[in-house]
Each structure stands twice: as C-alpha cells, then as structure tokens.
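Enquirer: Here is my input, please return the structure:
(2 chains)
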Number of protein chains: 2
Amino acid sequence: MEFFDLKPVEEARFLFLQACGNQPVSAETVPLADALGRITATNVICPTDLPPFPRTTVDGFAVRAADTFGASEGLPAYLRIMAEIAMGQAPTVALAPGEAQRISTGGALPPGADAVVMVEHTEALAADEIGILRPVSPGENVMQRGEDGKAGQVLLPAGHQVRAQELALLQSAGLLAVAVIRRPAVAIISTGDELVDPHSEPGPGQIRESNAAALTALVRRDGGVPAYLGIGVDREVEIRSRLKAGMAYDVILISGGSSVGTRDLTSQMISELGQPGILVHGVKLKPGKPTILAVADGKPVIGLPGHPVSAQVVYGLFVRPLLRQMQGLRAEEPFRPTVRARMTKNVASATGRTDCVRVRLLRQEGETWAEPVHGKSGLISTLVKADGLVTIPSPKEGVLTGEWVEVELLV
Amino acid sequence: MEFFDLKPVEEARFLFLQACGNQPVSAETVPLADALGRITATNVICPTDLPPFPRTTVDGFAVRAADTFGASEGLPAYLRIMAEIAMGQAPTVALAPGEAQRISTGGALPPGADAVVMVEHTEALAADEIGILRPVSPGENVMQRGEDGKAGQVLLPAGHQVRAQELALLQSAGLLAVAVIRRPAVAIISTGDELVDPHSEPGPGQIRESNAAALTALVRRDGGVPAYLGIGVDREVEIRSRLKAGMAYDVILISGGSSVGTRDLTSQMISELGQPGILVHGVKLKPGKPTILAVADGKPVIGLPGHPVSAQVVYGLFVRPLLRQMQGLRAEEPFRPTVRARMTKNVASATGRTDCVRVRLLRQEGETWAEPVHGKSGLISTLVKADGLVTIPSPKEGVLTGEWVEVELLV
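Expert: Coordinates of the predicted model:
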C-alpha cells in the first residue's frame, strides 16, 4: 500500500523552488541595530569618501617618499620636523621637500606628504631633526582617501548579507539605516489527534506537542518570523481553518498528520487551498519520506512529517532553501561549512534514496570520527545526542567504516 | 622601538583564560522561548517517562510478535481484528493471542501487544480478519515507554547548549522553563581622539566610530549582552571613567587607542584598574599585534587594536573563547566547521607568528578555492569582500598555491 509517487530529493526541491518563484518578499528599512543577518534589498551607495582624508596606518613621520629614496642605516636621510599632527584635527601646515611631520596612527596626512615612515625606522637626532633609516614608497603606510569606499560607488551590492563587518562599514559611512528584504512570515501548524498543548497535562494516549518549538527556532535562525497557529486535531474543520489563517503569511508549515487518516486529510486540505496545489507527495528520503511540497495561489505550503527527526531533516532540505530564496539569496549555500570526520561504522543506504544520518563527533588519536546515532526518527533524544548530520546522496549505496564524510553540525 | 614583549597566540590565550578562572557566570531560569543558544546550568531531570506509553511508529496492526513468527506471503499468519485504537485515547481493549488491533502512527499500544505490523505487510481478508505477510520481532515499530527519556534520569546534562531539538525535548517533557547560565554582560569602550559618534558629521581629521557596531554583533552572537559605553577620547579622565563604569559588567572590551599615546594611556589605565593587571601586552599575530589581555580584580579586560580587521581577528582568538568559558563551555570549540579550499596564491608568514588571512571563496572546475583579500587591516571593506579567514599557525612559514586550507567563514 505504497501510495506515494516518491520523487528524488534534488528533483523535488527543484520543482518546488521553481514553482515558488524567485521573487524575494518586499523590502523595508531598518536601523543598523536590527540589520544583522538581513539581506540588502538594493545597492547601498557610499555617500562620501571613506576615509574622508588620507590617514596613516602607523605611528611615525609623514614625509615625501622621494626624500627617503636610498636611505639606509649607514646613510640615513635627514629631515626637519616641522610639526606634530594632532589626532582628530586637520593638519595645519603643508609639508615641503626635506621636511617631516610627527603623526600618530589614524592621523590625517598633511598636504604635500605622500607616505609615512614608521617610528621604528627612524632615529631621533634633535628635537627638530630625524634620521630616516629605510626608504618608503609613495602611499606606503597610508590609507588613501576613498580606499575603503568611494562616494557614489556601490558600498554593498543588493542581495548581500549583513555581518558584523557590514555593520561597521555602514556605520563608518554614517548610514544608520539600511533597506533590507523583509523577513518572510512563516505560519506553523501542528496536527495530530494525540497532541495537547505543552501547558496541559496529557491524558491517556496523549502527548505534548513539541515540533513547533523546534520549527520556531529554525525559522528564526534562517531569517523568518515564525507564527504558531496551534494544533489542528485530525478534524477537517480544524485543519482547514488553520490553513486558511496561514494564507495570511508568506509560508505555511504544517507538521504531523503522520497517521494515514490525518495525512490524507491534510493533503486533501492543502489541495483545496489554491493552485497549482501539491507538486510533490513523498520524497526518496530517510527519514522524511511523507513530505508534501505544494504551492497554493503563489503561497509555498510544506507538509512536514510528524516524527521530530524527520521534520528537522525535511526542514533543512526544503524549508531553509526556500527561506533563503525568498530573501534574495541563492537557495543553496554556495559554501557550506562542515566538520570532516571518518565514519566509525558502515551505514547502508538504498540507491536512489537520500539518507540523513545522525552522528556524534569523537576525537580519537588525533582524528575526528563520526559515530552514527541509531534510533527511531520519532525519538527527539537521538537528535539531542547528535552533533550533526551526514548526508548520503542518492547515488551512493552507503558509507564505509573509516570513510571520510562531511558532517553538517546541527545548530 | 619594539616596546612589546610579544607572546605567541596559544601561550597568550592560555595565560589569559587561566587567569580569568573557569567559574561560569551565575544561572537564571528562562522560559523556553528565550532558551535557544543558552547553556544549561544544571542537569535537567526528566519529570516523566517520554513517551508516557508505548507508541507505534507506523500505521498498521498492534499484535503479539509471537503470533507472527514464520509468517510469509505464501503462508500468512491469520489474526482476528478486535478493535481500532483511536488516536489520543487510551486503548480500551486488551489484546489476546491470535488477535490484532488496527492502529495509526503515534497511537498507544493496547495491553498485551508488543509489536506493530506495517499495513504494507498485511492483506485484508475480511472486515474482522487480517493476513500477516512478514513476521515482526517484539518491540518492532514501537517507541517504548520512556525510550525518549526516563522519569528521574538526566534529560540534558549541565553545560549542554540548547538547540532546536533540545527545545522540542524539553517541551515534550512539559519543562517550559530551564535553568541556564546567565549571559555575560560585556562593556564595549572605543577610544581615539579622531573618533566621533556615528550620528555626528565628522569634522576635518575625524572619522565615525565603527568598531563598536561590529563588536556588539559578535558579542551577541556568542551569547553575551553587549553594552556600549561610548568613546573615551584620548584623555586620561575619559578613558578612566569609562573603564571604571565597565567594572560593573562581566567583561570589558576597549578598542582603539592604536596611536602610541592612547595605547600607553590605555595600558596604564588598565594596569591601575585592579590586580593582577596586564598579563599580555602584544601577541605574535598578524593582524592584531597590539593586543592587551588583562584581569583586574577578577574582571577580564581586553584591549583590542583599533584597526577593524585586527579587532575582529583578536575578538575571534581571545574574546569568543572567553565568552564560551564564562558560559560553561570549553573555551575552544571541540569541532569547528570549516570550508575546505585550495589557496589561489602563496601567502608567506613568519615562523612563530600566527597569521589570519582574509579570503574570498571561489568555485573553479568543481573545486573550491580561497583567494587572499589583500589590503591594510584598517580597511573594513576588505572584511566585507572576504568570506572567511585562513589561519596560518605559528610554526608554519606560509601556505603555497594549491595547498588545501580550512576556511572559517565570517558570519
């Protein structure tokens, strides 16, 4: 009674992401303090040259480089100290040939100077005279005006993620707010007659709902704004009303409904929600086979399996790429950080099926090893014991003891 | 005029972290919604068996495994269907030998049943009779009572980081609040006569303060609570008053003061702050040499270089491990995810010095390459262009074109 037309993971993802469309959600302007992790919605133009004047990167003496050519410890170049440049002030005296001005890191070069000699490469001769022991080339030890960003040029391109350094660059340009892609709003619905609200005491045959807590955390990590719409017990009216409410959000995640009855009901409700409806019903994935990928009137709807391990695996393979795409990023990270480790055991996988294996990381004799965490996909504790996941791609028949694998940490 | 007694990075970090002491900051109890990323302060004890009753992981028939032994497609075992177990309710009928009860995924096993046969491995014979086509062993397709967590046992050990799955496990146990290590409060002070508040228009020779924005983001990412105490311009009274105010926090970061004058002033002020004072003044690190590591009356104080690239490198090498240690984690991540790539160019490094090289990642002919981003450590834009850092450890003299390196992404 295999009622799914199972699709390979790659094909399912391609079909789904294509149907969702590549238009990111709209933009909004946020203060810098709220911009971390967000994606620029437009090119950010540099309003002014950064730095606004040439600055020294060392403590020493502003000079004309030509005056130092040929200088050595045996035959220093002698320059007259004409001024000391005060930090945070404009230099008041221009520099003439044969002259030097004392300058501290970050100070503004005086007109006429084109390089700075490090104080370590000088010898003090008199209060107003210095010996230069090594030549400098023009521009040496100087950040040129506009070297960090030129007025009118693109400081950050559209679609660029804001990290700590982007905040610093924007702040140094006086750009204290930035236009970013709006966070996608994600409705989270749980289903299952056996589920009760976590604040309740479960009766006989009942358990507390728990998937929503994990999904909420994952959605937030990936830039979305999660909204929990509660438990739709396995009755038509409750599931339908929650799905309808979910249409007010950018994405709908509906988890659970792992029993045939709920699954059928859920898939029927999703089908009725809008066009084109269900694109994928079941993927060649372990764990995570009973996954539904749908688009209802332009709205992505993902039916996640109820088993917590399956739900988290399916989230990573389908929801995370979707949220990236909706924020204007490439659906798949171009460079994904992993921990390289060797398998402590053989793990078999069927050809054509993608397997996601929970592993614990160990250090043994200077090498990193990945030990499979066995256990049913309904056991959350197996994910708690695991440091990460090893993906066995569909063409592979498994991994062998000692084989090197890439472990993606569960964070 | 080399006035630092430069220490190797590893030695500097060891000395500093040891002097900071291994006592994590105090604990607090937070609701689950605020627990993501936090570290458990105590062992979390499971209040009840999880699941509280044996549950099936599949749709099918609850049976006594012994009744199915030897069953095959040619010779099915015939069982009488005596009941259908309603989801979310206690089974009402005990199971006797020769009997089966219809059950849906997640349903509670009836007394007497010890396994579940998947519906795919049965044939319907009559409304009240089923043929079993494959044997099941006792416990097959069943999550046992307490298999996810046993009442009275440790559900999460102390010092465990809360991820999405820990939230789900805690919620399934009805533990809606959890005792976690308090976030370390981190005072951030900037110094430099040339700095102005980012809301101001810089005058001649002035630039906008920007390091604090990056440090604030990094501290928050690493579990700390940042508090910006403003710019102490290079005057004794302003730096001292901010450092004194910083003593009310768990950690003090003071950045800038890269000119000799401020540097001297800052180090003097730190020395006067408390015992034992400055432990390390200068590390064999590029960029990041002029780093100060101090402990004042038990309070960690880190003097970060003013150059933004140096500040971010020093943050990663010294502040992040400190914040981990203060939260009860191992100072260094035991397993650090990286992107493996090949260098596009030779990069030289002095023996005995640790070099952190900014790199951009590229994909070429199916391989990942790391291209050095050159540029002065005062240029924030070089960090914006970079995807990550490659660390050349102190014994190495550099990396060669084509050599494989581990790139730590800048996030």
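Enquirer: In chain A, which strand is the longest?
Expert: strand A:354-364 (DSSP state E).
Enquirer: Alpha carbons only: can I get that strand in PDB?
Expert: Provided in PDB are the C-alpha atoms of strand A:354-364 (Å, rounded to 0.1, in the frame of the first residue of the first chain):
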ATOM      1  CA  THR A 354      19.000  10.300   0.100                       C
ATOM      2  CA  ASP A 355      19.800   9.300   3.700                       C
ATOM      3  CA  CYS A 356      20.500  11.800   6.500                       C
ATOM      4  CA  VAL A 357      22.400  10.000   9.300                       C
ATOM      5  CA  ARG A 358      22.500  11.500  12.800                       C
ATOM      6  CA  VAL A 359      26.100  11.400  14.100                       C
ATOM      7  CA  ARG A 360      28.000  12.200  17.200                       C
ATOM      8  CA  LEU A 361      31.600  13.500  16.800                       C
ATOM      9  CA  LEU A 362      34.500  12.000  18.600                       C
ATOM     10  CA  ARG A 363      38.200  12.700  18.700                       C
ATOM     11  CA  GLN A 364      40.400   9.600  18.600                       C
END
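Enquirer: Show me what it is packed against.
Expert: Applying 3 or more C-beta pairs under 8 Å, 6 or more residues apart in numbering or on different chains; DSSP states H and E, one finds that strand A:354-364 makes contact with strand A:283-286, strand A:339-343, strand A:367-372, helix A:380-385, strand A:388-392. C-beta here means a position set from N, CA and C on the backbone, and glycine is covered the same way.
Enquirer: try 7 Å this time
Expert: On a contact count with 3 or more C-beta pairs under 7 Å, 6 or more residues apart in numbering or on different chains; DSSP states H and E, strand A:354-364 meets strand A:283-286, strand A:367-372, helix A:380-385, strand A:388-392.
Enquirer: Quick check: can you list the domain ranges of chain A?
Expert: Following automatic domain parsing, one finds the domains of chain A at A:7-25+A:183-326, A:27-50+A:148-181, A:55-143, A:339-409.
Enquirer: Of the ones you listed, which stretch is the most buried?
Expert: Highest mean neighbour count of the domains of chain A: domain A:7-25+A:183-326, a mean of 21 (counted as mean count of other C-beta atoms under 10 Å in any protein chain shown).
Enquirer: Which one of the domains of chain A lies nearest to B:Leu229?
Expert: domain A:27-50+A:148-181 (16.0 Å; C-beta to C-beta).
Enquirer: can you map out the strands along the stretch 151-300 of chain A?
Expert: Under the criterion DSSP state E, counting those that start in this stretch, the stretch 151-300 of chain A contains strands at A:154-156, A:177-181, A:185-191, A:195-196, A:207-208, A:225-232, A:251-256, A:276-281, A:283-286, A:292-296, A:299-304.
Enquirer: Partner strands of the fifth one and their direction?
Expert: Same thing as strand A:207-208. Partners of strand A:207-208 in the sheet, by DSSP bridges, are strand A:195-196 (parallel).
Enquirer: cool, and the first one?
Expert: Strand A:154-156 pairs in its sheet with strand A:44-45 (antiparallel), by DSSP bridges.
Enquirer: follow-up on the earlier one: how about JSON lines for the helices and strands packed on strand A:354-364, with mean pLDDT and distance to chain B added?
Expert: Shown next, in JSON lines, are the helices and strands packed on strand A:354-364 (pLDDT from 0 to 100; distance: least, C-beta to the nearest C-beta, whole Å):
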{"stretch": "strand A:283-286", "mean pLDDT": "96", "distance to chain B": "13"}
{"stretch": "strand A:367-372", "mean pLDDT": "98", "distance to chain B": "6"}
{"stretch": "helix A:380-385", "mean pLDDT": "98", "distance to chain B": "4"}
{"stretch": "strand A:388-392", "mean pLDDT": "98", "distance to chain B": "8"}
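Enquirer: Pipe those into a markdown table and attach distance to B:Ser210 per row.
Expert: Formatted as a markdown table, the helices and strands packed on strand A:354-364 follow (distance: least, C-beta to C-beta, whole Å):
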| stretch | distance to B:Ser210 |
| --- | --- |
| strand A:283-286 | 45 |
| strand A:367-372 | 38 |
| helix A:380-385 | 40 |
| strand A:388-392 | 35 |
